[in-house]
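Undergrad: Here's my sequence, what's the structure:
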Amino acid sequence: RSRAHWNVLANQVLFSELAHEPGPNPRYWQDGWDGYPAARRRLVDDMLAARLRNPFVITGDWHSTFVNDVHVDFVDPASPVVATEIVAPAVTSNGDGPVYGPYYGPMIEFNPHIRFFDGDRKGYVRCAVGRDRLQADLRYVERVGVPGAPIDTFASFVVEDGRPGAVPA
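TA: Numbers count the residues shown, from 1 in each chain. So this is what the prediction gives:
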């Protein structure tokens, strides 16, 4: 019955599926929503049943940046997109330089719902929420150990009102 324009789920760990290998029985990291697929499915089903206008998942503490389409069924890329998930990188963990890109990078091709990935930069996400759209700016700190280091927007994505799924801004 929510009349909210945007329904935001603030979340600590990756909500979208992340298959670690191809094939009919891929491995998953169990200390996140992949360890609780029935609970994730119930939540997605509840989003649909409630007819939420614009469900949006913002996730932090994953040490990498992801922009994901949240599908009814992650195994079927043709299934409807229910929401968008933006995963913010950790702003300071593990210092500067490549950390998780080499680890998660090879997995991206097995997960067609991942629209964007970066595992090597540190930073945060800045969201501007309006009536017609939500814009997520992916911000990166050039050197996390240097006070006053430059901060840049690496990429921006937009979710339009009534249209789940992020598109580049």
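
Undergrad: Quick check: which helices or strands does the longest helix belonging to the chain pack against?
TA: Using DSSP state H, we find that the single longest helix of the chain is helix 37-49. Counting contacts by 3 or more Cβ pairs under 8 Å, 6 or more residues apart in numbering; DSSP states H and E, helix 37-49 packs against strand 81-87. C-beta coordinates here come from the backbone N, C-alpha and C atoms, glycine included.

Undergrad: Can you tell me the strand partners of the strand it packs on and which way each runs?
TA: When pairs are called by DSSP bridges, strand 81-87 turns out to pair with strand 55-59 (parallel), strand 65-71 (antiparallel).

Undergrad: Please convert those strands to CSV, extending it with distance to Ile114.
TA: Below are the strands paired with strand 81-87 laid out as CSV (distance: least, Cβ to Cβ, whole Å):
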stretch, distance to Ile114
strand 55-59, 13
strand 65-71, 5
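
Undergrad: looking at those strands, which is closest to Ser16?
TA: Closest approach to Ser16 among the strands paired with strand 81-87 is made by strand 65-71 (4.0 Å; Cβ to Cβ).

Undergrad: tell me the mean pLDDT over the longest helix of the chain?
TA: For helix 37-49, mean pLDDT rounds to 96.

Undergrad: all helices of this protein, in order?
TA: Assigned by DSSP H, the helices in the chain fall at 37-49, 101-104.

Undergrad: Report the buried residues of the lowest-mean-pLDDT helix or strand in the chain.
TA: Ranked by mean pLDDT, DSSP states H and E, the weakest helix or strand in the chain is helix 101-104, scoring a mean of 84. For helix 101-104, a neighbour-count test (16 or more other Cβ atoms under 10 Å) marks Gly101, Tyr104 as buried.

Undergrad: what number of residues lie near the residue nearest to Ala128 when sequence neighbours are not counted?
TA: Residue nearest to Ala128 in three dimensions, not counting chain neighbours: Gln135, with 4.7 Å by Cβ to Cβ, 6 or more residues apart in numbering. Neighbourhood size, Gln135 [other Cβ atoms under 10 Å]: 15.
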